[in-house]
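Visitor: model this:
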Amino acid sequence: MTDLLTAYGLPLLALTTFAASLALPIPAFLVLLSAGALAASGSFAPVAVGLSALAGAIAADQCGYHFGHHIAPLLHRTLGRHPRSNRLLTRAERLLCDHGGLGVFLSRWLLAPLGPYINLLSGTADLPWHRFTIWAMAGRTLWIGLYCGLGFIFAHNLPQIATTAHNASTVLMLLALPALAALLLHHRRNNRRR
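Guide: As a prediction, the model looks like this:
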């Protein structure tokens with residue numbers, strides 16, 4: 001991975017975070033680790049690495065949000081014909097509007113595979129753009145900082161840290177999903193009691 005980054009530079013880093021943030025199956029964490037290692041070796045400036053990765057990821061988040069915003073009327077019309085799906089979408093949008101900032105933040109790094117779908121749902125739910133953007137940028141900064149930072153610190157041991165980081169993120173996500181499900185179930189039960 002470092003060979004590709006060395007050959008194509010920071011535009012490849014931005015393109016990778018952009019594509020991965022649109023749910024394309026690209027191992028962005030490996031590219032971020034490699035970029036951090038290259039920054040440690042002096043091949044790239046650390047600030048340039050962070051800004052390039054952030055630019056790609058934020059651009060994808062904005063694309064997803066605005067796409068969701070523009071397809072919202074069509075989505076609501078289509079799902080309006082299916083009451084159960086419409087209720088599910090309405091609940092998800094209400095939950096996102098009530099607690100959307102935290103959901104957007106967590107889906108940037110801890111629950112990253114959900115990020116592209118949260119972007120679309122944020123747009124369809126009319127989550128305020130500035131609120132979405134602030135939380136998305138905070139989460140993306142943490143995501144990029146974690147992986148690039150690990151690559152920077154452990155540049156001499158990149159293959160081992162890549163495996164460890166991947167395993168740790170998988171375990172964290174597997175632990176976070178049941179916790180999120182329990183929180184949603186608790187929220188649903190409280191709403192029924194009212």
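
Visitor: just the C-alphas of stretch 22-30, formatted as PDB.
Guide: Taking only C-alpha atoms (Å, rounded to 0.1, in the frame of the first residue of the first chain), the coordinates of stretch 22-30 have been written out as PDB:
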ATOM      1  CA  LEU A  22     -19.400   6.100  -0.200                       C
ATOM      2  CA  ALA A  23     -19.500   2.400   0.900                       C
ATOM      3  CA  LEU A  24     -17.100   1.100  -1.800                       C
ATOM      4  CA  PRO A  25     -15.200  -1.900  -0.600                       C
ATOM      5  CA  ILE A  26     -11.800  -0.200  -0.200                       C
ATOM      6  CA  PRO A  27      -9.600  -0.800   2.900                       C
ATOM      7  CA  ALA A  28      -9.300   2.800   3.900                       C
ATOM      8  CA  PHE A  29      -7.800   1.900   7.200                       C
ATOM      9  CA  LEU A  30      -4.800   0.400   5.500                       C
END
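
Visitor: list the buried residues of it.
Guide: By neighbour count on 16 or more other C-beta atoms under 10 Å, the buried set for stretch 22-30 is 22-23, 26, 28-30. Any C-beta I mention is one placed from the backbone N, CA and C, and that applies to glycine too.

Visitor: before we move on, what about stretch 42-61?
Guide: For stretch 42-61, burial by neighbour count (16+ other C-beta under 10 Å) applies to 44, 46, 49-50, 52-61.

Visitor: contact partners of it?
Guide: Applying C-beta atoms under 8 Å, 6 or more residues apart in numbering, the contact partners of stretch 42-61 are 5-6, 9-11, 13-22, 32, 35-36, 38-39, 108, 115-116, 119, 132-133, 136-137, 140-141, 143-145, 148, 152.

Visitor: show me how far stretch 132-141 is from its chain's centre.
Guide: Stretch 132-141 has its C-alpha centroid displaced from the chain centroid by 9 Å (C-alpha atoms, centre = their mean, to the nearest Å).
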